[in-house]
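Enquirer: Okay, predicted coordinates and the sequence, questions at the end:
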Amino acid sequence: MPLSATSASVTVLTREVIENSHAATAADLLRAAPFLQIAQSGAPGGLTTVTIRGGKPNFTLVMIDGIPVNDSTNLLGGSFDLSSLPVDNIEQVEIVRGPLSSVYGPDAIGGVINFISRKGAKTPMLELSSEFGSFLRRQFRVDTAGTWKALSYSAGGTFLDVGEQVEKDAYTAGSLAANGSVALGRRGVLEFGLLWMADRSAGLPAGSGGPELALSHDPLRDRAAELILGGSLKGEVRKGWIYSIDLDRVHRCEDNMTPPVLDAIPPTFRSLPASTSNSGFTRTRFGATSRFTMARNLSLAIGAGVRRETGSTTGYLAGTIPQAYQISRTSLVANTELQYSIKALTATAGFSFDKTEGFGEVTSPRLGVTWRPAEGGPRLKSSWAKGFKLPSFYGLGNPVVGNPRLRPERARALDAGIEQEFARRRMTVSATYFRNDFRDLVDFDSATFHLVNRSQALIHGVEFGAGYAPSVGLRFGLDFSYMTWTVHGSTQPLRNVPHGNGGVHLDWQVTRRLNTRVETQWMGRRYDFQIPVPGQTSVGGYSNTNLSAEYEVSRKLSVYVRGDNLLDSSYHEYIGFPNPGVAVRAGVKVRALGK
């Protein structure tokens, strides 16, 4: 669907934006994306999560080429660590804010972020790059793409190694990716993709008070690997009837050793014991979708499929208490969407049906409309939707805090916005109001020492964005969001969610060979809790400025530099976990093939 026709609140990061930013990971890239709240535990490489419109980190569904990659066995109940995903083989990122369970099922209760890989190139391309920077940082990348007969392909690999940045927080990551498609003539096209990621990280545990406040400075050790496989057959049965048959599989394994988190010396019952765990998670999906053009302005999409998830963990608390479980569940899913579109109006109505073992049936509807009453006038858009999230395997099965009677968390949301173009479409201004009603939220009950469904959060907010392109080589943008909330059934406010945040960015092609990008993000104060310092409850209130520049020495060679936190802002995203300060890295790219 064209971006101008969608009723959802959408942000698209193009390949040009990705290249100009010189971001190494999804965490680096999304930190400057509009209307997102990023939280990073300590230095780069630490656990990095995203929240959208006040939802918890596990309310954001992260996908790679349409394949969900959230892990239901982790401590946050199904979030995704953005620090582990490289962006060198990513063509585009699409961010949708608001519940989308009607399209993508559970986990899409707060929003969706879809990373779309490169699919190929008309002429062969081979690019090699290396960079070095602060904290003994080293990174090497290789990317290739091209076309051979009926095959269009792209592939890439990256290796990243960062030394100690603040305290005992070295980080190493590697990845391999391959994507492509094979034209099958009149029968359609076969698309495929593979992504393997592995990383090793260290640092002081979450909740410990970090390098500044922790009473024990033994670091955690974590190793993880993930394999993502996907394929789809797309084609046209006849004019007005297109189809897609999809199969994908995600497997993730993780080994973790976390030292005790002390609240005092000697420790009391509020301390957390040491833990070891070995976890594995697998999700397999098979489905088919058809879209019918029923009339000139009317289309219908129908899809159905099956989803199988398995999660397991083995390990011990304090070296003696077992924390092992294994859970599997199968879901039958179906969805449909009706779309009516004319020049000035696009309206959609759809719903999904999800039947999961042990949780019965859930229906998630969605309505949306976008309307431009006059040519050159404002574009109005609005949507309403319901969403749900199944309890995570960690929440259901953990022997210490798990609760097999947990119910799905639910969301009901609406938004309404206006967008207007000025100055011959060189300037765009938008404003959106949103309201999210989250129910049956999972909280920790200290009386029973278990997770329970008990709280409700009603969140109101506004988002404002503007972009201006006075010339072909100069683009300026700014964004700001503010939200407030009411929480029932809990004594704590929303964690790691600021009332306000925003940013500005400037992309400037100074000369034909020199491209630059400057970005500044501002983040308001956020609620946080660290075990050694229960009296400190807020953190943040900072701004961060980054600069990147690339100079094309020749058609085959370019050099670049990126500086993070150039103004050396001293800030924390979690209490006691300081930002490491200014970080600079420089690199070189060699194009062995291609322009």
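Expert: Okay, I see it.

Enquirer: List the residue ranges of this protein that fall below the pLDDT cut-off.
Expert: Along the chain, the model assigns pLDDT under 70 to residues 446, 594-595.

Enquirer: residue ranges for the helices of it, please.
Expert: Taking DSSP state H as the criterion, the chain carries its helices at 15-21, 26-30, 101-104, 210-213, 393-397.

Enquirer: Now residue 479: closest residue in space, sequence neighbours ignored.
Expert: Nearest residue to residue 479 in three dimensions, chain neighbours excluded: residue 34, at 3.6 Å (C-beta to C-beta, 6 or more residues apart in numbering). Backbone N, C-alpha and C define where each C-beta goes, glycine included.

Enquirer: any idea how far the one you found lies from residue 463?
Expert: Distance of residue 34 to residue 463, computed by C-beta to C-beta, to the nearest Å: 8 Å.

Enquirer: can you list residues touching both of the two?
Expert: Residues touching both residue 34 and residue 463 (C-beta atoms under 8 Å, 6 or more residues apart in numbering): 479, 481.

Enquirer: Could you measure from residue 34 over to residue 556?
Expert: Taken as C-beta to C-beta, the span from residue 34 to residue 556 is 35 Å.

Enquirer: more neighbours, those two?
Expert: Between residue 34 and residue 556, residue 34 has the larger neighbour count (other C-beta atoms under 10 Å), namely 23 against 14.

Enquirer: Tell me which residues touch that one, please.
Expert: Going by C-beta under 8 Å, 6+ apart, the list of residues near residue 34 reads 11, 463, 465, 477, 479, 481, 503.

Enquirer: got it, and residue 331?
Expert: Residue 331 makes contact with 105, 306-309, 354-357, according to C-beta under 8 Å, 6+ apart.

Enquirer: Distance of residue 64 relative to residue 175?
Expert: From residue 64 across to residue 175, the span is 11 Å (C-beta to C-beta).

Enquirer: overlap in contacts of these two?
Expert: Common neighbours of residue 64 and residue 175 (C-beta under 8 Å, 6+ apart) are residue 195.

Enquirer: Between these two, tell me which one has more neighbours.
Expert: residue 64 (26 against 22).

Enquirer: partner residues bridging residue 127?
Expert: Under DSSP bridges, the beta-bridge partners of residue 127 are residue 143, residue 591.

Enquirer: Go ahead and confirm it touches residue 592.
Expert: Yes: assessed by C-beta atoms under 8 Å, residue 127 is found in contact with residue 592 at 7.2 Å.

Enquirer: Quickly list what the residue nearest to residue 9 when sequence neighbours are not counted is bridged to.
Expert: Excluding the flanking residues, the one nearest residue 9 by C-beta to C-beta, 6+ apart is residue 97, at 4.3 Å. Beta-bridge partners recorded for residue 97 (DSSP bridges): residue 9, residue 111.

Enquirer: how deep is residue 322 tucked in, by neighbour count?
Expert: 11.

Enquirer: List the residues that contact residue 229.
Expert: Contacts for residue 229 (C-beta under 8 Å, 6+ apart) come out as 193-194, 248-250.

Enquirer: just residue 583 next, same as before
Expert: Residue 583 neighbours (C-beta under 8 Å, 6+ apart): 44, 133-135, 137, 165, 563-565.

Enquirer: likewise residue 399?
Expert: 321-325.

Enquirer: Please convert the buried members of those into PyMOL selection syntax.
Expert: Per 16 or more other C-beta atoms under 10 Å, the buried members of the contacts of residue 399 correspond to this PyMOL selection:
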select buried, resi 323+325
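
Enquirer: nearest to residue 231, of the contacts of residue 399?
Expert: Residue 231 lies nearest to residue 325 out of those, by C-beta to C-beta, at 31.3 Å.

Enquirer: Any idea how many residues pack against the nearest residue in space to the closest one that is not next to it in sequence?
Expert: For residue 325, ignoring the flanking residues on the chain, the nearest one in space by C-beta to C-beta, 6+ apart is residue 397 at 3.2 Å. Neighbour count for residue 397, taken as other C-beta under 10 Å: 21.

Enquirer: Run a quick check on residue 397 versus residue 313, I expect a contact.
Expert: Yes: using C-beta under 8 Å, residue 397 makes contact with residue 313 at a distance of 7.4 Å.

Enquirer: Quick check: neighbours shared by the two?
Expert: 325-326.

Enquirer: Got the phi and psi for residue 71?
Expert: The phi/psi pair for residue 71 (degrees, to the nearest 10) reads phi -100, psi 120.

Enquirer: residue contacts, it?
Expert: When contacts are counted by C-beta under 8 Å, 6+ apart, residue 71 touches 78-80, 252, 254, 281.

Enquirer: separation between it and residue 411?
Expert: From residue 71 across to residue 411, the span is 21 Å (C-beta to C-beta).

Enquirer: again with residue 283
Expert: In terms of C-beta to C-beta, residue 283 sits 21 Å off from residue 411.
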